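> Everything below, folded, please.
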Amino acid sequence: MRLESHVKSLSFLLLGASVAGAQAKGPELPPIRQLGAVTATAKEKLGPVSNIRPLSDGRVLVNDQFSRRVMLFDSKLENFTVVADSTSATANAYGGRFAGLVAYKGDSTLFVDPQSLSMLVLDPAGKVSRVMSVPSSQDAMSFAGVLGVAVVDPQGRLVYRSSPRPDMRAFGGPGAAGGAPRVPEIPDSAGIFRIDLATRKVDTLAFIKTQKVKMNVTTADNGRVMMTSEINPLPVVDEWAALPDGSVAIVRGRDYHIDWINADGSRASAPKIPFEWQRLTDEDKVAFIDSVKAARERMGANAPVPVTPGGGGTPPAGANAAGGPPPANPPMEGMRVMVFGGPPGSDGAPRRDGAGPAGGFNMTAPAPTFVAPSELPDYKPVFLNGFVRADTEGNVWVRTIPTKAIAGGPVYDVINRKGELVERVQIPVGRTIAGFGAGGVVYLTTRDGMTTKLEKATVK
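Below you'll find the predicted structure:
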């Protein structure tokens, strides 16, 4: 959700600077080490990269969603071929606004097009070998990676996170005294599902806690309906990652531990992971909400959002604190998202003049509001949505929110298959991890305005 990501970035901007008072001695943590050296940098200018698909021989498919093209780079990121785009240059049309790459069997890849409800199977050369329909139309956007990285496990099952599903039967109906339409409540949880691509059988693996967004609707005297969102900019959430062996890690945000769901369906819960928890006093909460509001006012509703990942360094404006590029969609604040028409006018069309219920009314979405400071958590969360990834060795990487000032870029906790914290790794300033390749390779992105630079580095 673009609005959620926009506010999440605002929150992360202020998290590193919100430490108040002296910190008690925390748990013994592994020392922070630096990521390995950058070995290659792509010269091609990219738009916001939604996801990548590394291949076993070092080549990598890049989904440049903003430019609506998929490119296959060589192992040195020097040369590339266009696999799909929105022009007649290739035989494969990119399709609509959203599309995603999913690692499939071997070095084959699924190119998911939610608009056509299809999945193109790309061979290692980037050629289309066959076309499949999506196994569930209502989750097509989730397959494309809009809500995280979907993965096909070794057993041929697609693992993905669904979007929260409000009860839409209540939407648009008359509210109290025939006033503003009712808006369904958005759930604060989402399901992690595993669907067999051959049989279409769906298994529910777990539910994770997601950011809560409350929608409020009011009607002015002239009939204009205003829909505002109320957001907690410092939510306690869960995250997930699928490992190469087919198991799934559910990272719980409330007490920071991992619930494991193995490929055979068995489950296990690992001990709590050590972390320097920071308590937020009532004064801290008030100061944080005030800071978020002030930062948003300075930036403006449609301004790019600068962030300070890891508590140090400022990447170019527009970077997304969630560990990936900012969405290609414009923010919804201030945009007219829905128009309700009343009785038809002389031309037979619904009237949209905003003249009140008799003439129809307009619904607009202004800037969001924020929860009361008392609704913020008592302890600063460890991570936010989008902060968790898995590498090719079966480790889980969690991008942590700083509890004290740290010079340099973001710091990741590296957690092994037993749920143990084995390393803390800092990546360069202004970078985010886009994905991992075989042989200890990690791909990074950095932003300069609307331009993205792709880099290849070593984990150690």
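
> Now name the helix or strand holding the residue nearest in space to the middle of the chain.
Nearest residue to the geometric centre of the chain (Cα atoms, centre = their mean): residue 386, 4.6 Å. Taking DSSP states H and E as the criterion, no element holds residue 386; it sits outside all helices and strands.

> Settle this for me: it is touching residue 238, isn't it.
No - at 11.9 Å, residue 386 and residue 238 do not qualify as touching, with contact defined as Cβ atoms under 8 Å. Using the backbone N, CA and C atoms, a C-beta is placed for each residue, glycine as well.

> What separation do you get for the residue nearest to the centre of the chain and residue 148?
When distances are taken as Cβ to Cβ, to the nearest Å, residue 386 and residue 148 turn out to be 7 Å apart.

> Same check on residue 404?
According to Cβ to Cβ, residue 404 and residue 148 sit 29 Å apart.

> Pretty sure residue 214 sits against residue 230.
Yes - distance between residue 214 and residue 230: 4.2 Å, which falls inside the contact criterion (Cβ under 8 Å).

> Now do the shared contacts for those two.
Overlap of the contact sets of residue 214 and residue 230 (by Cβ atoms under 8 Å, 6 or more residues apart in numbering) is empty.

> quick one: which of residue 404 and residue 148 has more around it?
For residue 404 versus residue 148, neighbours defined as other Cβ atoms under 10 Å are more numerous around residue 148 (23 against 11).

> Pretty sure the more buried one sits in a helix.
No - counting by DSSP: H, G, I helix; E, B strand; the rest coil, residue 148 is located in no helix; its state is coil.

> Residue 242 is in contact with that one, correct?
No - here residue 148 does not reach residue 242: they are 9.6 Å apart, not a contact under Cβ under 8 Å.

> Show me the helices in this structure, by range?
2-15, 140-143, 282-299 (DSSP state H).

> which helices and strands sit right next to the second one?
Going back to what we said before, that points to helix 140-143. Contacts defined by 3 or more Cβ pairs under 8 Å, 6 or more residues apart in numbering; DSSP states H and E place helix 140-143 against strand 109-113, strand 157-161.

> who touches it?
Taking contacts as Cβ under 8 Å, 6+ apart, the residues outside helix 140-143 that touch it are 98, 100, 102, 110, 112, 114, 117, 119, 134-136, 147, 150, 158, 160-163.

> One more pass at 10 Å, please.
Contacts of helix 140-143 from elsewhere in the structure, counted by Cβ atoms under 10 Å, 6 or more residues apart in numbering, are 98, 100, 102, 110, 112-119, 133-136, 146-148, 150, 158, 160-163, 190-191, 193, 195.

> Only whichever of these are buried, select them in ChimeraX.
For the buried members of those, the matching ChimeraX selection, counting by 16 or more other Cβ atoms under 10 Å, is:
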select :98,100,102,110,112,113,114,116,118,119,134,135,136,146,147,148,150,158,160,161,162,163,190,191,193,195
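
> in this structure, which segments are predicted with low confidence?
1-26, 87-92, 95-96, 165-184, 299-367 (pLDDT under 70).

> Mind listing what's buried along stretch 227-237?
Counting neighbours by 16+ other Cβ under 10 Å, one finds that the buried residues in stretch 227-237 are 227, 228, 229, 231, 232, 233, 234, 235, 236, 237.

> how long is it end to end?
As for stretch 227-237, its first-to-last residue distance stands at 25 Å under the measure Cα to Cα, to the nearest Å.

> do the same with stretch 269-280
Stretch 269-280 has an end-to-end distance of 28 Å (criterion: Cα to Cα).

> got the buried residues for that stretch?
Within stretch 269-280, the residues scored as buried using 16+ other Cβ under 10 Å are 270, 273, 275, 276, 277, 278, 280.

> For the second one, give me the backbone phi and psi.
In other words, residue 273. Backbone torsions of residue 273, given as degrees, to the nearest 10, read phi -90, psi 130.

> how about it, what does it touch?
Neighbouring residues of residue 273 by Cβ under 10 Å, 6+ apart: 27, 29, 251-252, 255-258, 382, 396, 398, 413, 415, 419-421.

> among those, which ones are buried?
Of all the contacts of residue 273 considered here, the ones buried according to neighbour count by 16+ other Cβ under 10 Å are 251, 252, 256, 257, 258, 382, 396, 398, 413, 415, 419, 421.

> Switch those residues over to a markdown table; also include distance to residue 438.
Supplementary listing: the buried ones among the contacts of residue 273 in a markdown table, determined by distance: Cβ to Cβ, whole Å:
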| residue | distance to residue 438 |
| --- | --- |
| 251 | 24 |
| 252 | 29 |
| 256 | 29 |
| 257 | 29 |
| 258 | 24 |
| 382 | 29 |
| 396 | 18 |
| 398 | 22 |
| 413 | 22 |
| 415 | 20 |
| 419 | 24 |
| 421 | 24 |
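
> Show only the entries of those found in strands.
Secondary-structure check on these using DSSP state E: residues within strands are 251, 252, 257, 258, 396, 398, 413, 415, 421.

> Tell me which two in those are the farthest apart.
Distance extremes for these: the farthest pair is 252 and 421 at 14.5 Å, using Cβ to Cβ.
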